[in-house]
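In: Structure of the sequence below:
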Amino acid sequence: MFYDPAIETVPREKIRDIQWQRLRDMLEKVYQGNRFYQDRFKKHGVALEDIQDLNDITKLPFTNKKDFQKDQEEHPVFGTNLTEPFENYVQFHQTTGTTGKPLKWLDTKDSWAWRARCMAHSLAAAGVTNKDVLLLPFNFGPYTAFWGVYEAAQHLDVLTIPTGGWTTEQRLNSIVENQATLIIGTPTYMLRLAEAAQEEGIDLANSAIRVLILAGEPGAMIPSVREKLEKAWGARVFEYPGLTETGTYAFMCEHDNQALHIIESEFIVEVLDPKTGRSVADGETGELVLTNLGRTCSPAIRYRTNDLVRLEKSSCACGRTFGKLIGGVLGRQDEMLIIRGVNVFPSTMGNIVEEFLELGNEYQITAYRRGDMDELKIQIEMTPSSKDVSELIATELKKRLNLRVDIQTVPKGTLARSDYKGKRFIDERSKRSSSAG
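Out: Predicted coordinates for the structure are as follows:
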């Protein structure tokens, strides 16, 4: 299904025309009224008349999260990335602060509606209609989380059940009692709900749920995770990525569960070599850089996400012409570890571990120092009846990553559960220790 068929299937040469028109309109307003970018462009010697076509976007300086955090520290409370008068802003959100001080972000009515439309692409692509019943298993706090989903559901006239403040058991009962057909959450919590349902004797596979949409962390494109969820829920699994700073920028279609379509009518996407800042060839891995085109009130222009992706602009069986991120977000360059000369991402290791774990068994990866060396250990949960897969995991890690890792088994329930994102990687290398503990 399509949210906007005309836009989603437009010839690729037309996409650039749309992007250029919208970029030009946004820059005219930003140059006039946004102090953050006025100062930034002046510092880098870029005038509005220097931007004559879409290719000239490379003349504009990059931005990153630290730039906006510094701006808010120097210009409290909300910084200077505000193009409109303060009284026009109606929505407040902030990041979780996992990579520093929480970053605040404001939206106007228009930009908040834009965020809903971006998310509507994802819902429509998953086949969601106004005949569905959406259950939202999250608390309505200051984090963007799934607020955009709620707004998009209202935009598409989908009946929505909010369950903020409820326990996992209450949410499971509501799914069954109210015959919810659609649920959206993090992979971690969808697995936790499935585990709890199993404990309570609730057969989710025979419930009315037909679609799961995941966000917040990798899931739908990890085959082992997707298979566990599809089996436990008896539903199709989709995924979308988004950032507080940019909004929802891509979605998964029904024809390819190993790629995400970029919403190129709303975003300009660059994939760059993280070290040189130059574009990489189509299909090569690089850092994702985003410019959103519908949030003029507080835009993210050439925003370096730190996420590693592979962009391809090939056709898709669904008929969309939007470019695709093959494999979704492959990892974050700031999470890469060097263990005994081997470059490795915790997320890659986690994907391998997931292949061997039963539903409900958690794991945790820990980096630590042993003498002058960085080392890794992985704890995996097991029940008395579980097959001991520690040697299988160690063998597979050695085979695929050429890395020897200590695998430790612990009883089920030892490792923490979460109703949001799972914290499965712990970095203890700053601690002075001679052993794994």
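In: from memory residue 215 sits against residue 183, does it?
Out: No: applying Cβ atoms under 8 Å, one finds residue 215 not in contact with residue 183, separated by 11.8 Å. Quick note: C-beta positions are derived from backbone N, CA and C, even for glycine.
In: who has more neighbours, the two?
Out: For residue 215 versus residue 183, the count of surrounding residues by other Cβ atoms under 10 Å is larger for residue 183: 27 against 23.
In: and the more buried one, what does it touch?
Out: Residues in contact with residue 183 (Cβ atoms under 8 Å, 6 or more residues apart in numbering) are 134-137, 175, 190, 193, 209, 211-213.
In: cutoff 6 Å now
Out: 135, 209, 212 (Cβ atoms under 6 Å, 6 or more residues apart in numbering).
In: Next: residue 263.
Out: Residues near residue 263 by Cβ under 6 Å, 6+ apart: 118, 121, 249.
In: Could you do residue 255 as well?
Out: 317-318.
In: helix, strand or coil for it?
Out: Three-state assignment for residue 255 (DSSP: H, G, I helix; E, B strand; the rest coil): coil.
In: what about stretch 277-289, average pLDDT?
Out: Averaging pLDDT along stretch 277-289 gives 96.
In: most neighbours, which of the contacts of residue 183?
Out: Scoring these on neighbours with other Cβ under 10 Å, the highest-scoring entry is residue 212 at 26 neighbours.
In: Quick one: the helices in the chain, in order.
Out: Applying DSSP state H to the chain gives helices spanning 5-8, 12-33, 35-43, 65-74, 109-125, 147-155, 168-177, 187-200, 223-233, 346-354, 390-401.
In: What residues sit buried inside the third one?
Out: Neighbour-count burial for helix 35-43, counted by 16 or more other Cβ atoms under 10 Å, picks out 36-37, 40-41.
In: quick one: which of the contacts of residue 183 is nearest residue 13?
Out: Nearest to residue 13 out of the contacts of residue 183 is residue 212 (Cβ to Cβ; 36.0 Å).
In: That closest one contacts residue 235, doesn't it?
Out: Yes: taking Cβ atoms under 6 Å as the definition, residue 212 is a contact partner of residue 235 at 5.2 Å.
In: Now do residue 181 against residue 407, distance only.
Out: 40 Å (Cβ to Cβ, to the nearest Å).
In: Oh, that last question was meant for residue 60, not what I typed.
Out: Applying Cβ to Cβ, the value for residue 60 to residue 407 is 47 Å.
In: what do you get for residue 143?
Out: 34 Å.
In: now residue 373
Out: From residue 373 across to residue 407, the span is 18 Å (Cβ to Cβ).
In: Looking at these two, which one has more neighbours?
Out: The neighbour comparison of residue 373 against residue 407 (other Cβ under 10 Å) goes to residue 407, with 21 against 9.
In: Enumerate every residue touching the more buried one.
Out: 378, 390, 393-394.
In: 7 Å - rerun?
Out: Neighbouring residues of residue 407 by Cβ atoms under 7 Å, 6 or more residues apart in numbering: 378, 380, 390, 393-394.
In: any idea which residue sits dead centre in the chain?
Out: residue 241 (3.5 Å; Cα atoms, centre = their mean).
In: mind checking how far that one is from residue 44?
Out: From residue 241 over to residue 44 the distance is 29 Å, taken as Cβ to Cβ.
In: domains of this structure?
Out: Following automatic domain parsing, one finds the domains of the chain at 5-113+241-333, 126-239, 336-427.
In: Mean confidence (pLDDT) on the last one, please.
Out: Translated: domain 336-427. Per-residue scores along domain 336-427 average to 89.
In: end to end, how far does that domain reach?
Out: Start-to-end span of domain 336-427 (Cα to Cα, to the nearest Å) is 12 Å.
In: Run the chain-centre distance for it.
Out: Taking Cα atoms, centre = their mean, to the nearest Å, the mean C-alpha location of domain 336-427 is offset from the chain mean by 22 Å.
In: what do you get for stretch 43-60?
Out: Put simply, stretch 43-60 sits 29 Å off its chain's centre (Cα atoms, centre = their mean).
In: residues making contact with that stretch?
Out: 16, 19-20, 23, 27-28, 31, 61, 268, 291, 301-302.
In: can you pull the buried residues of that stretch?
Out: Buried, per 16+ other Cβ under 10 Å, within stretch 43-60: 46, 51, 54, 57, 60.
In: Among those residues, give me the pair with the biggest separation.
Out: Based on Cβ to Cβ, the longest span within those runs between 46 and 54 and measures 15.1 Å.
In: pLDDT weak spots in this structure?
Out: 98-99, 432-437 (pLDDT under 70).
In: Distance of residue 83 relative to residue 36?
Out: For residue 83, the distance to residue 36 (Cβ to Cβ) stands at 9 Å.
In: With residue 115 instead?
Out: From residue 115 to residue 36 the distance is 20 Å (Cβ to Cβ).
In: cool, and residue 25?
Out: According to Cβ to Cβ, residue 25 and residue 36 sit 18 Å apart.
In: Between the two ends of stretch 266-276, how far is it?
Out: 26 Å.
In: what's in contact with it?
Out: Defining contact as Cβ under 7 Å, 6+ apart, one finds that stretch 266-276 is touched by 19, 23, 57, 118, 249, 262, 278-280, 286-294, 309, 311, 323, 333.
In: go on, stretch 140-159?
Out: With Cβ under 7 Å, 6+ apart as the test, stretch 140-159 has contacts from 92-94, 96, 112, 115-117, 119-120, 123, 128, 130, 132-134, 136, 138, 160, 162, 164, 184, 242, 244, 248.
In: Only whichever of those residues are buried, select them in PyMOL.
Out: Burial among the contacts of stretch 140-159 is assessed by 16+ other Cβ under 10 Å; the matching PyMOL selection reads:
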select buried, resi 93+94+96+112+115+116+117+119+120+123+128+132+133+134+136+138+160+184+242+244+248
